[in-house]
Structure formats: structure tokens, C-alpha cells
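> whatever this is, show me its structure:
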Amino acid sequence: MYDLIIKNGKIIDGTGSPYYRSDIAVKDGKIARIGRELGETSRVIDAAGLVVTPGFIDSHSHADTALLTHPELIEKAEQGITTSVAGQCGSSVAPNQDGYTTMGALLEDKKDLALGSNVVMLVGHSSLRKMAMGRENRAPTEAELETMKALLRDALEHGAAGMSFGLYYSPGNYAQLPELIALAKVVAEYHGVIAAHIRDEGDRVVESVEEFITVLREAGVRGVISHHKSSQPKNWGKTAKTLALIDAANEEGIDVYCDVYPYPASGTSLVAFLVPTQYRAYPDKEIIALLENKEKREEICAITRKIFGDDLHAVMITSCTACPQYEGKRISEIAEEQGKSHYDAAMDVLIETELTCSAAFFSMSEEDIERVMAHPRAMLCTDSGVARHLTTYHPRLRGAFPRVLGRYVRERKVTTLPEMIRKMTAMPAAVYELKNKGLLVEGFDADICIFDEDTIIDRADFVDCTKRAEGLSYVILNGQIVAENAVYTGAKPGGFLLRNR
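Residues are numbered from 1 along each chain as shown. The predicted structure follows:
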């Protein structure tokens, strides 16, 4: 007897092929059979009129930031994500001087941790750098580089899928090509992958893509350009050039991919957006002291103003637990309420909140989003963790994948539904070498989404980010239902997916 049979669905198997109609039998967490008249079962899901696909794989996530305290990973399950690739943008939960000092220690200690969505781990380059040399703005010594290599090897030997760069953030942004290439060569030894938040996604986005491709070429390793975009109106359209660079690199034999989230606004900390790189090297207390100093503040604002201009209306405060009255407000609104300039209002918010608030930045064009999304080497992502205790956050945390299917496939027809499902499933499974994931074939893990292609859509937005998606009927992880009608069931059949284990 089977544990579950899904009947009468339109199966899109993840390969990019057109749908076909059949039934799927699940037994012991696996897809046991695909066909008709499959026999007896404990439960039947009638998927008539619905699409049945592999579970979605979030190619770029920060799920590791919450998995030790909120292992349910509710917002992942509630938008159809059955696997998340975490430890991105150069920052991972381990190694960490205040916690697990090696990635291996974390993965060994938590190898049986039950999760509401599977998690793949990358080790962050900035995390390695902090362990070896703190936040020093210089090249590492030979001994420090060897320490980073040893920590990296530990992570890879214990099942991490690869390494992430955060070349926009401190201290990863202090690293130059020799350091990046040396570490990338270690990843290549293990046939891993490198995901990179490149050094600049605005004025120097083309040069930053070229830099990352150089690292991949010199190291002989596979790579992913994270949440690929071109920020600020003056840079819109540059994705045509960067995608051409990706194509040329692949023609050369370098294995390069990218991922993208379906929103015209990015999200990060307010300090990372407004305070130039050279000042973010300081400890938080010293940054606050700089912002409180009139001359230093003017110096900082002058640099930032050259990039963004005088108007900060494009900046919206999202999570801000220290001062929740700012949540959901644009900097322009706060400035008007307080009778200040946009920059003084923003800098005062940073001081008042001790640099702890996050923000969304409406800086991308729909044309660039769609161009990247349609590229044959582009995957989909949330670039987010889970809500934890927060009530205000970027809506991608809850709605990215349903938004892609509703807005960009059904409404805007960026690509076909089978091709978009491939980008959400089989492609990331192949890039990150996830065994038995990403396809609906017999013998693979029973990670399955069932949805209505005519109604699926996100409902979370920047004003009310907590709304669940519509049209997502079932999410199944390792054969167990983890979400029904986009509501988490409480099941935790997931865990760490470790390479070569």
C-alpha cells in the first residue's frame, strides 16, 4: 500500500518538457510509481485541474539565519519551497567566534535537526575572513590565508555545497583577486560551487561580473551570480551586457549561472545602503560616532549623494524592532514628519536604531528583471530567511515563487510554465548537485508542489508583507504534507542536504 497517491494532475516534471496527465504514488518519502491504476493507498489527493511539479528550490536564501531558532522555516513551506540554498552573500551561521567555530561542528551537531524545508549550506567567505583576521582592511598573511583554507576545507568535507562571496559587504569587500582565486581553487578541489554577491550592482556592475568570471576562470570552478540586477535608473539596461558576458564565459567553457528575485526593490541593512564601504569597516559604535559628527556626516552624505542623488524616496524601512514607528515608511515620509532633509532623517534613523534597521530599495527596472529571468541560465530565489518574530520585512520572504508563476509566467509571459518550473527545480538541483531532487521521476524524493496555474499569485506586498499566497494547494516534502492551501501544517520532515553524504 502506498502512503499517498496524487491523481489526475497535469504533471510538469522539471525537465522543461510539456505537461502530461498521470498519477503519482508516494511511498516512504519517495516517488514510487508514476502511471495509472496504481493500487491502494492511505490517502488520495485529487489534483484534477491542478499542476503537479517538483518542490521549488530557493537558489539564494538566508534560511541559516533562523534554522537553529525557527527550524519550521514556515515561510519557505508556505510558498512551495522544499529546499533552500543558505549561507549566502559571504555570511554563514558558521564558522562564528560566538557560536560554532567550524562549519563541520555545526553540521555534525545538528545533522539530525528536523526542518520544515531542506537546507543546503554554503560557507561564507566573510565568515572565514573574520575567523582568520577579524575585519582588517588588508590582504591576509600567508598564515591567515591558510587558516581560511583550512576552515573552508572543513566545511566542504562535512557536506557544504561550496562557498559564497559577499564582495559588497565588509569584510569580504576588502578581498582582492589573489585571495578570492586561492580560496576558489579549494572549492574546485571538491567540485563545489561559488555563489557571489558581486562587488557592485550599480555603476560598476559590468566590471564586477567580469571580476567574478575571472575568479571562476582562474580557479576552474562553477559559479552563480547572486540575485543578478542592475541598480539605479542610470544603470538600467546593463543586464544586456552582463548576460552577454555570462554567455561568452559559458562558450569559453566556464560554468556560470545567475539567480534573480521577482521584485523591483532590493533589501539589505540601511547602513549598508547609506554608509560607504570605507566607513563600514569600523565597529558599530564608531560608525555611530561618525554620523553624530557634523563634518564626518557631511563627508559620508556627500559620497552617498553622488550615487543616489538628493531624493531618498526610493528607500523604505522594513524591519526596525528598535523603532517600529518607522516600519513601512519611506525616508521621504520620515523627513517630512521631522522637518529634515532626506539624508539627515536617514542618518538620524541609523543613530536612533543603532544601525539595526533594514530597508527596501526601489532601484530596479521591470525590463531588467524580465531579461534576467528569461535567460536560460537563470534560477529563481527569495534572497531571504524567514520572518521569525518580525512583522515587517521584504515581501519576497513570503511571496517570491508564487509571484513568479502568477505575475511573470501567467500575466507577463516571460517564459513558458514548463521552462520556469525547470528554473525553479531541476536547474538548481543540478547546479548544487542535489541528489534525487528537482525532478518528478520514479525513485526521486517526493518533494512536490500542487497548484492552480490560473490563480496562483503572491499577496504579500511592502505595506502588508504577511499575506499568504493564493492558489498553492499542497506542498509535500519527503512524502509528507508541509503546507495545505499555503498554510504550514507543522510537519518537519526536512533536514540538511549534505554533498557526497
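> quick one: residue 147 is in a helix?
Yes. Assessed with DSSP: H, G, I helix; E, B strand; the rest coil, residue 147 lies in a helix.
> residue contacts, it?
Contacts for residue 147 (Cβ atoms under 8 Å, 6 or more residues apart in numbering) come out as 131-133. For the C-beta atoms, the positions are set from N, CA and C on the backbone; glycine is no exception.
> so which of those residues sit within helices?
Assigned to helices by DSSP state H, the following of the contacts of residue 147 qualify: 131-133.
> buried subset of those?
Neighbour-count burial (16 or more other Cβ atoms under 10 Å) applied to the ones in helices among the contacts of residue 147 gives 131-133.
> which one of those sits closest to residue 456?
Taking Cβ to Cβ as the measure, residue 456 lies nearest residue 131 of those, at 42.7 Å.
> surely the closest one and residue 99 touch.
No. The criterion here is Cβ atoms under 8 Å, and residue 131 misses it with residue 99 at 11.2 Å.
> re earlier: between the ones in helices among the contacts of residue 147, which is nearest residue 384?
residue 131 (25.3 Å).
> got a list of what the closest residue to the closest one other than its chain neighbours touches?
Of all residues not flanking residue 131 in the chain, residue 95 sits nearest, at 4.9 Å (Cβ to Cβ, 6 or more residues apart in numbering). Going by Cβ under 8 Å, 6+ apart, residue 95 touches 101-103, 123, 127-128, 131, 151, 155.
> turn the residues you listed into a markdown table, columns for pLDDT.
Converted to a markdown table, these look like this (pLDDT from 0 to 100):
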| residue | pLDDT |
| --- | --- |
| 101 | 97 |
| 102 | 98 |
| 103 | 97 |
| 123 | 98 |
| 127 | 98 |
| 128 | 98 |
| 131 | 98 |
| 151 | 98 |
| 155 | 98 |
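> which of the residues you listed fall within helices?
Short answer: the contacts of residue 95 in helices (DSSP H) are 103, 127-128, 131, 151, 155.
> state the pair within those that is farthest apart.
Largest pairwise distance in those, by Cβ to Cβ, is 11.3 Å, between 131 and 155.
> hang on, isn't residue 388 packed against residue 71?
No. The pair residue 388 / residue 71 is not scored as a contact, 11.4 Å apart, by Cβ under 8 Å.
> between those two, which is the more surrounded one?
Using other Cβ atoms under 10 Å as the criterion, residue 388 and residue 71 rank with residue 71 on top: 20 against 13.
> how about that one, nearest residue that isn't a chain neighbour?
Residue 71's closest residue in space is residue 115 (Cβ to Cβ, 6+ apart), at 5.0 Å.
> buried stuff in the helix or strand hosting residue 423?
In the assignment (DSSP states H and E), residue 423 maps to helix 417-424. The neighbour-count criterion (16+ other Cβ under 10 Å) identifies 417-424 as the buried residues of helix 417-424.
> sorry, back to before: look up how far residue 249 lies from the residue nearest to residue 131.
To residue 249, residue 95 is 31 Å away according to Cβ to Cβ, to the nearest Å.
> okay, now residue 412: neighbour count?
So residue 412, with other Cβ under 10 Å, has 14 neighbours.
> for stretch 154-164, output the C-alpha coordinates as PDB.
Presented in PDB, the C-alpha positions along stretch 154-164 are these (Å, rounded to 0.1, in the frame of the first residue of the first chain):
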ATOM      1  CA  ASP A 154      36.400  21.600   6.900                       C
ATOM      2  CA  ALA A 155      33.100  22.900   5.600                       C
ATOM      3  CA  LEU A 156      33.400  21.100   2.300                       C
ATOM      4  CA  GLU A 157      34.500  17.800   3.800                       C
ATOM      5  CA  HIS A 158      31.400  17.900   6.100                       C
ATOM      6  CA  GLY A 159      29.000  18.400   3.200                       C
ATOM      7  CA  ALA A 160      28.800  22.100   2.400                       C
ATOM      8  CA  ALA A 161      28.000  22.600  -1.200                       C
ATOM      9  CA  GLY A 162      30.500  25.400  -1.700                       C
ATOM     10  CA  MET A 163      31.400  29.000  -0.700                       C
ATOM     11  CA  SER A 164      29.700  32.300  -1.000                       C
END
